[in-house]
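Peer 1: no sequence for this one, just the structure:
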């Protein structure tokens, strides 16, 4: 009973989904590290935290500044400048951090400033050919004539696990 | 279960280092030189290692007051290879009691701390931090780091921070 109409509804839902997927829009958070602009998918960011101290931990790679306190939970602080090919590799002076949304880790990126959010169609991201999950850049997105590098947040956790031999 | 809430707390300016009290037999204010390799305690000669300046250097903290506190611990709580390293470094055999002395240059107290306030280190750096003797972290009024002295010493030995001819 009702199989025909259920199938029909399912089919219609599927068609609608297809249409949505074709025009999938992603919200990007554009921020600054030093004077340069970068972007991450807003869905990769859990929270933006300002004015918290970074506590140093011993025997860590140079790009790990330490941990910060997010409401009692420790989050590893990464200095992205040390990884993304900037000349000045010192951590940003501003105490501003992107708390990344991770399934099984607690990571944050030390940044300089939050600039704006923007919606961009997925197809408008200029993907770097041959890029893999370990690359720090997904590609670039163009906004008001600026070509903004889009960061791959997975790469930071992958690098740490690789460098520290953690599973 | 309750024993896990009793900690020996080594207080520095920005961090309290916590050691489970069950691993510390005595904590005594003793005026011993940092570079002394053994001390007399309870009519026994104990191997002695000063780690205060290493804690300051590696964790970026400073002593709160000029004092020297000796923590007497049992060798059985240290791995065999660490026991051997301690004997070699101090040129001192463990006495019949199996005790050894570790000293720090800051004040020590006994504290009861709710373990619920402590958190595991973020997963991607957890394993490395455990190897370095850092087991958990807490952010109460002050940062607290639960340390495992055997792993901490092992790391200090392995990277050459504790070596003959200079600590």
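Peer 2: Thanks, I have it. Values in this document were obtained by computation on a predicted structure and should not be read as measured data.

Peer 1: number of residues surrounding residue B:159?
Peer 2: Residues contacting residue B:159 under the criterion other C-beta atoms under 10 Å in any protein chain shown number 13. C-beta coordinates here come from the backbone N, C-alpha and C atoms, glycine included.

Peer 1: wait, I meant residue A:44
Peer 2: Neighbours of residue A:44 using other C-beta under 10 Å come to 17.

Peer 1: what's near enough to touch the residue most central in space within chain B?
Peer 2: Closest residue to the average C-alpha location of chain B: residue B:149 at 4.4 Å, with C-alpha atoms, centre = their mean. Applying C-beta atoms under 8 Å, 6 or more residues apart in numbering or on different chains, we find residue B:149 in contact with B:19, B:23, B:73, B:77-78, B:102, B:133.

Peer 1: and it, backbone torsions?
Peer 2: phi -60, psi -30 (degrees, to the nearest 10).

Peer 1: re earlier: closest one of the contacts of residue B:149 to residue A:140?
Peer 2: residue B:133 (43.1 Å; C-beta to C-beta).

Peer 1: now the closest one, what are its backbone angles?
Peer 2: phi 90, psi 10.

Peer 1: state the distance from residue A:163 to residue A:83.
Peer 2: Remark: distance between residue A:163 and residue A:83 (C-beta to C-beta, to the nearest Å) = 11 Å.

Peer 1: again, but for residue A:55
Peer 2: 21 Å.

Peer 1: circling back: and which of the contacts of residue B:149 is nearest to residue A:155?
Peer 2: residue B:133 (29.0 Å).

Peer 1: can you count the residues close to that closest one?
Peer 2: Neighbourhood size, residue B:133 [other C-beta under 10 Å]: 23.

Peer 1: please name the nearest non-neighbouring residue to it.
Peer 2: Nearest residue to residue B:133 in three dimensions, chain neighbours excluded: residue B:152, at 2.9 Å (C-beta to C-beta, 6 or more residues apart in numbering or on different chains).

Peer 1: quick revisit: who has more neighbours out of residue A:55 and residue A:83?
Peer 2: residue A:55 (21 against 18).
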